[in-house]
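Undergrad: build me a structure from this.
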Amino acid sequence: MKLYKEDLTGRAFGDLIVLSFIRRKELNIRKQTTPLWLCKCVCGNTREVVDAKLKNGTTVSCKPCGIKRIGVFNSGSDTGLDIKVSSERLHRIWIAMKQRCSNQNTVGYKNYGGKGVIVCTEWSNSYKSFREWALECGYSETLTIDRKDFTGNYEPSNCRWVTLEDNNKESFERHYSAKTGIFSKESYEKVRVTNKTKLGCKFNMYLNGQFISKWECLIDCAEYICNVKGLKTKPLQIKKNISACLHNKRASCHGYTFKLGGSK
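TA: The predicted model follows:
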């Protein structure tokens, strides 16, 4: 068996330089393995890192440098934080934002850093600054960061917090209009059926051509079918089948047919 698909020796990932391949590391009880690499940080410390964490930007330094970068702040200090920020969702958003703009190995880099999008110096160098802006501008656990001008950079004047649904809608509109010059609401609804459990729009359920009920949540409808039919199938699988029906990729699901739209 080949020890690794790609030789990372000599490549840089953040503050880490890959020195050499160590071995294949066992990941789980199924004995799946992945390459493990010996890396050297700019501070001189060495660290063993698995292949995937280097490529997706999860690990970009040794542990001491990582702690210095994100900070572990004490209550009553100048920073005013009393939690380990690395566990915050907001900190993960900050890391992901920087990685997709600067790490060529990150999924999505071609749509951000590859198109010249950067993170402003104020945010890039300080999680504290980014966090303060986020909390002042209405951040919550249900929102995601969005750029007002999608060709602009990540900076205070160009960013806001929106729901994932609104973010997906804007992304689709930009992609679709850039490709065809036309926006189709019907096409957008079909994309949303694929990506979201909660549609935000209604769809109808029929049995033998007769209208049964109206829904807007795939998983709720799937659970209803499981209960009515007494199925042992997991609702998640039924949900996928309903989605396929709404895409016209499947004729029916356990005798039921489906159609997007609020009317019968």
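Undergrad: hey, let's count contacts and neighbours off CA atoms from now on
TA: Will do.
Undergrad: mind checking how far R100 is from R131?
TA: Computed as CA to CA, to the nearest Å, the R100 to R131 distance reads 18 Å.
Undergrad: what about these two, which has more around it?
TA: With neighbours defined as other CA atoms under 10 Å, R100 and R131 compare such that R100 has more, 24 against 17.
Undergrad: surely that one meets T106?
TA: Yes - taking CA atoms under 8 Å as the definition, R100 is a contact partner of T106 at 5.8 Å.
Undergrad: pull the CA atoms of stretch 12-24 into CSV?
TA: Listed next in CSV are the C-alpha coordinates belonging to stretch 12-24 (Å, rounded to 0.1, in the frame of the first residue of the first chain):
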residue,chain,number,x,y,z
ALA,A,12,4.6,25.4,4.4
PHE,A,13,1.2,25.4,6.1
GLY,A,14,0.8,28.6,8.1
ASP,A,15,3.7,28.7,10.6
LEU,A,16,4.6,25.0,10.0
ILE,A,17,7.1,23.5,7.6
VAL,A,18,6.8,19.8,6.9
LEU,A,19,10.1,18.0,7.7
SER,A,20,9.3,14.4,7.0
PHE,A,21,6.8,11.6,6.8
ILE,A,22,6.5,9.6,10.0
ARG,A,23,3.9,6.8,9.5
ARG,A,24,0.3,6.1,8.8
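Undergrad: quick one: mean pLDDT for that stretch?
TA: The pLDDT scores in stretch 12-24 average 87.
Undergrad: list the buried residues for it?
TA: 12-21, 24 (16 or more other CA atoms under 10 Å).
Undergrad: residue boundaries of the helices in the protein?
TA: Using DSSP state H, the helices found in the chain span residues 51-55, 63-70, 89-102, 121-124, 127-136, 164-180, 185-195, 218-229, 235-246.
Undergrad: for the ones you listed, which has the smallest mean pLDDT value?
TA: Among the helices of the chain, helix 185-195 has the lowest mean pLDDT, at a mean of 48.
Undergrad: show me the contacts for V50.
TA: Contact analysis of V50 by CA atoms under 8 Å, 6 or more residues apart in numbering lists 25, 34-37.
Undergrad: so which of the residues you listed wins on neighbours?
TA: Within those, W37 tops the neighbour count with 24 neighbours, counted by other CA under 10 Å.
Undergrad: could you find the closest non-adjacent residue to that residue?
TA: Spatial nearest neighbour of W37, excluding adjacent residues (CA to CA, 6 or more residues apart in numbering): F21 at 4.6 Å.
Undergrad: relative to P35, how far out is the one you found?
TA: Taking CA to CA, one finds F21 at 7 Å from P35.
Undergrad: do the same with C221
TA: 43 Å.
Undergrad: my read is that the residue nearest to W37 contacts E6, right?
TA: No - F21 is beyond contact range of E6, at 10.6 Å (criterion: CA under 8 Å).
Undergrad: dump the residue contacts of the closest residue to L8 other than its chain neighbours.
TA: Leaving out its chain neighbours, the residue that sits closest to L8 by CA to CA, 6+ apart is V18, at 6.4 Å. Counting by CA under 8 Å, 6+ apart, V18 touches 8-12, 37-40.
Undergrad: likewise F130?
TA: Here F130 is in contact with 94, 122-123 (criterion: CA under 8 Å, 6+ apart).
Undergrad: cool, R250 as well?
TA: Taking CA under 8 Å, 6+ apart, one finds 241, 244 in contact with R250.
Undergrad: for N208, see how far away it is.
TA: Where N208 is concerned, R250 sits at a distance of 15 Å (CA to CA).
Undergrad: one step back: quick one: which of the contacts of V18 sit in strands?
TA: Judged by DSSP state E, the contacts of V18 include 12, 37-40 as members of strands.
Undergrad: distance check, K31 against R23.
TA: Separation of K31 from R23 (CA to CA): 14 Å.
Undergrad: please tell me how far C101 sits from Y112.
TA: Going from C101 to Y112 by CA to CA gives 5 Å.
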